[in-house]
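K.L.:
Give me coordinates for this.
(chains A and B)
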Number of protein chains: 2
Amino acid sequence: MSNAYSADLISAPRLLLGPGPSMVHPRVLRAMATPVVGHMDPQFFAIMDETQALLRQVFQTENRLTFTLPGTGSAGMEAALSNFLEPGDPALICVAGFFGERMVEIVSRVTADVRRVDAAWGEPIRPAQVEEVLRTRPAKVVALVHGETSTGVCQPLAEIAEIVHRYGGLLLVDSVASLAGVDLPVDRLGIDICYTGSQKCLSVPPGMAPITIGPRAENVLKARKTKVQSWYLDLTLIQKYWGTERVYHHTGPISLQYAMLEALRMTVAEGLPARFARHAAVAQLLWEGLAELGLRLFVPAENRLATLTTVVVPDGVDDLTIRRRLLEEYNIEIAGGLGALRGKLWRIGLMGYSARSENVVTLLGALGRLLRSH
Amino acid sequence: MSNAYSADLISAPRLLLGPGPSMVHPRVLRAMATPVVGHMDPQFFAIMDETQALLRQVFQTENRLTFTLPGTGSAGMEAALSNFLEPGDPALICVAGFFGERMVEIVSRVTADVRRVDAAWGEPIRPAQVEEVLRTRPAKVVALVHGETSTGVCQPLAEIAEIVHRYGGLLLVDSVASLAGVDLPVDRLGIDICYTGSQKCLSVPPGMAPITIGPRAENVLKARKTKVQSWYLDLTLIQKYWGTERVYHHTGPISLQYAMLEALRMTVAEGLPARFARHAAVAQLLWEGLAELGLRLFVPAENRLATLTTVVVPDGVDDLTIRRRLLEEYNIEIAGGLGALRGKLWRIGLMGYSARSENVVTLLGALGRLLRSH
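P.N.:
The predicted structure follows:
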C-alpha cells in the first residue's frame, strides 16, 4: 500500500543508513495518508496534547513548554538560539564539528557577542575549556551539540552542565542525532533548552523540530526586552498555540503531526531503556563487522556515538565510487564526510527504524563485496 | 487505504471549507505514504527539478529562482519580506486585513523604516493611495496580499504594479489564498516576489511555501550588504540547494515534497484556465445559494475573492453555535471572522480539491437546516 504511487515518485526505495533521514516505519508512513483536518479542529488539539505528553517522556522532562516547531532540525537550532539571546547578549558556543559551526553562524546573526571554545573534529569538548572562558566572562547561553553527526562523537554533558549552571548560564543542547537513540535525561542533567529533528532517531519524515524549554529558560523568554527577530520561530507566539489559549500562529503541518504522534506512540511503547539498548547493540554489531572488514573507526570507543558511526576511508579507496555503487547497486545510502573530512570518512547512521541488525548485515555484506572488488 | 490508521488519529474526517487547509486528493494522500529517500539522493533531486518546472507553470513565470521553502505560508511571508530588506531600508506595506497586519509585524522586526497604507477591512487598496506615499518617499519593497482570507477581498494588482515599478520598487505579493485558484500571471504583472502556501488552492497538506523571485529581486538579493537575519530562511543559501550546486542547507521535508509534486502534476494536468473556471463556477454556485438562504455577502461582487467567501452572520444568530453544530453534526469546517470581524463573519473556502459543487450543496443544505432550527 505504501508503494501505491512510489513508481511515479521514486523507482528505488532505499535502505537509509546515512545521518538522516532514517527509515520510516510502515505504520508511520500510513499515518501520513490520514485525511487532513483543520489546525483549529478539536481533534487536532487532542493530537497536539498527546504529542506534548509523549514528547515529555522522550525528553525525560516535566517542562511545560514541550512541543514541535514547524520546520526541520535547523529551524529548531535557530529557534533555540534566537529566542533566548538578544542583541548584545553574551553567548558561548562549543564547536567540535559542522553543526557546532552552524550554531556560531546562526548566533552571529542574532548577537555580536559570540565566543567559542573548540575541540578538534573527532574529539569532545573538555569541560575545563568551558570553565576557563566562563570564569572570565559569563555567558547567558552556552550551546553545544550532544551527538555531532559530522564526527560521530557523543559529547559527555554532566560536567559541562554543572559548570554552566554554576556560572549562571542557560545550557542549550542540540539532540538532533541522539534523542530517542541515546540516553539524554533533560531534567536530570538540568538542560535548559533542548531540540531535535523529526527524521533521526524518532524516524518521522523530515520537517519538524521537537523542542523543550525549562523553567529558567522560560523566565528568560518572558523577560525579553526586544522581539525575537524571526516572527515564524517566535516561541512567545508559538507557545500560545500549543497552550490552552490556542491562539492561531501558523497552520501546523497536520500530516507530519500525524506521523510524529504515531512514531512517539511506538517509541514509548518500546520503552526508552529498550530503545537505547537496541541502538547500542546494533552499533556494537556494526563496529565489530567493520573491524572484521579491516576498517578503522574515526572515534575512540569511549566517545563514540551509537547512532552515527564514522569510518576512515582506507588508503587507495575512492569514497565517492564506493558510495555511488552502494546506492546504485544495493540501494543503500550512507554519507561522506563534511568540511575538512570530505572524502576521508564514511558516516553510517543506525537511527530509529533504521537501527536493526538485518540492516547492519546487509550493509556489511555489500560494503565487503565492494571493497574486495575495488 | 488512506483511512487505515485514521481511527487512531482522527475519528471524524471533515469536509474542509474554511480558509485552509483544504481537502487533499486521495492521490496526494497516497503520495505521502511513499517510502522516504534521502535529501541528497539523485531520485530526490529529480523530484526537486520537476517541482520547480511545474511551479513555474503555476506561477506563470520563467523565474530561475522558483522553489519551495521548508515551512508554512507564514514562513514564505517572512522569507519574502526579510530577504529583500535590510535594516533601515524603506518598505511600504498595504494593509487591508489580518495578513497585511502580519506583514507589518514581520517587517518591523527587520527594518525600522516601515510605512503603510490602509484600506478598510472588506475593501481593496486604492492605487492612488500607494502612489501618494511613493511620490514623497520611494520604497525598496511594496508588499500586499492578493487574496485576503480575513476579508474575502481580491486585490486588483495591475495598476499598483505599474505604480510600484514607476517609482523603482520591488512588488511583493502574497498569493497564499489565490495561487492556482485565481488567475495570477506573475511575469505579465511584473511581480518581483511571490509566495504561497501548500495547503490552500494547491491542496497539499500544510508545511511548505512555494516562492518565486524575479530577476530584479534576485539582483537585490545578490547586492545585500548584511546577512539575512534568519539563517533558516536565508534565500542566498536555500537557492544553492535547489540550484545545480546542490549545497546542503536543510533536510527537505521529503514526504511533503512528494505530495507537492503529485498535486502540481494534477494542477497542470487540469490546466490553469480550467482550474480558474472551476473555482469561479463553484463560488458562483455558493453565492447564489447563500442569497437563497437570505444571507448577505460581506464583499461587493466586483472585489470578491472566488476562493474565500465572507458571509455576514445574521442578527440574532450566534456565530459559534452554528459553526460548532456544522462541525459536530455535519463534519463541515468553516471559519469565523478574525480580529474586529470576530463573531460577525463566516469565512467559507472553496480551494483546490475542496472546490467542488457537491461540497457547495452539502454546506448549503446543512447551513440552511441549522439556520431554520436556530
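K.L.:
Give me the domain ranges for chain A.
P.N.:
A:13-22+A:272-373, A:26-268 (automatic domain parsing).
K.L.:
highest average neighbour count across the ones you listed?
P.N.:
domain A:26-268 (a mean of 22; mean count of other C-beta atoms under 10 Å in any protein chain shown). Heads up, the C-betas are built off the backbone N, CA and C, glycines and all.
K.L.:
Show the average pLDDT along it.
P.N.:
In this model, domain A:26-268 carries a mean pLDDT of 97.
K.L.:
and that domain, how far apart are its ends?
P.N.:
Its start and end residues considered, domain A:26-268 measures 17 Å (C-alpha to C-alpha, to the nearest Å).
K.L.:
can you check stretch A:12-20 too?
P.N.:
In terms of C-alpha to C-alpha, the two terminal residues of stretch A:12-20 are separated by 17 Å.
K.L.:
what do you get for stretch A:207-224?
P.N.:
So stretch A:207-224: terminal residues 28 Å apart, C-alpha to C-alpha.
K.L.:
From the chain's centroid, how far away is that stretch?
P.N.:
17 Å (C-alpha atoms, centre = their mean, to the nearest Å).
K.L.:
and that stretch, does that touch chain B?
P.N.:
Yes: Stretch A:207-224 comes into contact with chain B (C-beta under 8 Å from any C-beta of the partner chain), by way of residue A:207.
K.L.:
Okay, residue A:293 and residue A:325: tell me how far apart.
P.N.:
15 Å (C-beta to C-beta, to the nearest Å).
K.L.:
Ok, residue A:172 next?
P.N.:
The gap separating residue A:172 from residue A:325 is 40 Å, by C-beta to C-beta.
K.L.:
can you check residue A:95 too?
P.N.:
In terms of C-beta to C-beta, residue A:95 sits 34 Å off from residue A:325.
K.L.:
Next, the contact list for the residue in the stretch 251-374 of chain A positioned nearest to chain B, please.
P.N.:
Closest to chain B within the stretch 251-374 of chain A is residue A:253: 3.3 Å, counting by C-beta to the nearest C-beta. Residue A:253 makes contact with A:70, A:207, A:208, B:72, B:205, B:206, B:207, B:253, B:256, according to C-beta atoms under 8 Å, 6 or more residues apart in numbering or on different chains.
K.L.:
Can you name the residues in contact with the helix or strand that residue A:162 is a member of?
P.N.:
Remark: residue A:162 resides in helix A:158-166, with elements defined by DSSP states H and E. Residues outside helix A:158-166 that contact it (C-beta under 8 Å, 6+ apart): A:94, A:125, A:127, A:130-131, A:134, A:142, A:144, A:170-171, A:189-191.
K.L.:
rerun at 6 Å
P.N.:
Under the criterion C-beta atoms under 6 Å, 6 or more residues apart in numbering or on different chains, residues A:127, A:130, A:131, A:142, A:171, A:189, A:190 lie in contact with helix A:158-166.
K.L.:
One more: stretch A:353-363?
P.N.:
A:16, A:17, A:22, A:23, A:25, A:203, A:278, A:279, A:282, A:285, A:286, A:332.
K.L.:
ok, now stretch A:242-250?
P.N.:
With C-beta under 6 Å, 6+ apart as the test, stretch A:242-250 has contacts from A:67, A:70, A:237, A:238, A:240, A:241, B:72, B:74.
K.L.:
In helices, which of the residues you listed fall?
P.N.:
Within the contacts of stretch A:242-250, residues falling in helices by DSSP state H are A:237, A:238, A:240, A:241, B:74.
K.L.:
Greatest separation within the residues you listed: which pair is it?
P.N.:
Using C-beta to C-beta, the two most remote members of the ones in helices among the contacts of stretch A:242-250 are A:240 and B:74, lying 14.4 Å apart.
K.L.:
Show the subsequent helix or strand relative to the longest helix along chain A.
P.N.:
Longest helix in chain A, counting residues (DSSP H): helix A:272-292. On the C-terminal side of helix A:272-292, the closest following helix or strand by DSSP H and E is strand A:296-297.
K.L.:
and that next one, which strands flank it?
P.N.:
strand A:308-312 (antiparallel) (DSSP bridges).
K.L.:
Now do the partner strand and helix A:272-292, the angle between them.
P.N.:
Using axes from the mean of the first three to the mean of the last three C-alpha atoms, to 10 degrees, the direction of strand A:308-312 lies 10 degrees away from that of helix A:272-292.
K.L.:
okay, how far is it across stretch A:169-186, tip to tip?
P.N.:
In stretch A:169-186, first residue to last residue: 16 Å (C-alpha to C-alpha).
K.L.:
can you list the residues of the stretch 1-150 of chain A near chain B?
P.N.:
A:1-2, A:4-6, A:9-10, A:13-14, A:18, A:21, A:24, A:29-38, A:43, A:70-72, A:74-75, A:78, A:106, A:109 (C-beta under 6 Å from any C-beta of the partner chain).
K.L.:
on that earlier part again, phi, psi of the residue of the stretch 251-374 of chain A closest to chain B?
P.N.:
Backbone torsions of residue A:253, given as degrees, to the nearest 10, read phi -80, psi 80.
K.L.:
just the one 4 residues further on next, same as before
P.N.:
In terms of degrees, to the nearest 10, the main-chain angles of residue A:257 are phi -70, psi -40.
K.L.:
Distance check, it against residue A:200.
P.N.:
According to C-beta to C-beta, residue A:257 and residue A:200 sit 17 Å apart.
K.L.:
Nearest the geometric middle of chain A, what residue?
P.N.:
For chain A, residue A:176 is the residue whose C-alpha lies nearest the centre (C-alpha atoms, centre = their mean; 0.8 Å).
K.L.:
show me what contacts that residue?
P.N.:
A:73, A:196, A:197, A:200.
K.L.:
I'd like the residues you listed laid out as JSON lines, including secondary structure.
P.N.:
Below are the contacts of residue A:176 laid out as JSON lines (DSSP: H, G, I helix; E, B strand; the rest coil):
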{"residue": "A:73", "secondary structure": "helix"}
{"residue": "A:196", "secondary structure": "coil"}
{"residue": "A:197", "secondary structure": "coil"}
{"residue": "A:200", "secondary structure": "coil"}
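K.L.:
quick one: which of those residues is nearest residue B:148?
P.N.:
Nearest to residue B:148 out of these is residue A:73 (C-beta to C-beta; 33.7 Å).
K.L.:
residues contacting the nearest residue to the closest one once chain neighbours are set aside?
P.N.:
Distance criterion C-beta to C-beta, 6 or more residues apart in numbering or on different chains; nearest residue to residue A:73, sequence neighbours excluded, is residue A:197 at 2.8 Å. Residues counted as contacts of residue A:197 (C-beta under 6 Å, 6+ apart) are A:73, A:176, A:209.
K.L.:
quick check, nearest of those to chain B?
P.N.:
Once C-beta to the nearest C-beta is applied, the member of the contacts of residue A:197 that ends up nearest chain B is residue A:73, at 6.9 Å.
K.L.:
what residues are up against that closest one?
P.N.:
Contact analysis of residue A:73 by C-beta under 6 Å, 6+ apart lists A:176, A:197, A:209.
K.L.:
try it again with 7 Å
P.N.:
Residues near residue A:73 by C-beta atoms under 7 Å, 6 or more residues apart in numbering or on different chains: A:176, A:196, A:197, A:209, B:251.
K.L.:
is it true that residue A:134 touches residue A:167?
P.N.:
Yes: with contact taken as C-beta atoms under 7 Å, residue A:134 and residue A:167 are classed as touching, separated by 4.1 Å.
K.L.:
for the contacts of residue A:176, which one is nearest residue A:340?
P.N.:
Residue A:340 has its nearest neighbour among the contacts of residue A:176 in residue A:73, at 22.2 Å by C-beta to C-beta.
K.L.:
which other residues reach the longest helix of chain A?
P.N.:
With C-beta under 7 Å, 6+ apart, helix A:272-292 has contacts from A:180-183, A:267, A:297, A:306-307, A:309, A:311, A:348, A:350, A:355-357, A:360, A:364.
K.L.:
And stretch A:59-76, how far out from the chain middle?
P.N.:
When distances are taken as C-alpha atoms, centre = their mean, stretch A:59-76 is centred 11 Å away from the chain's centroid.
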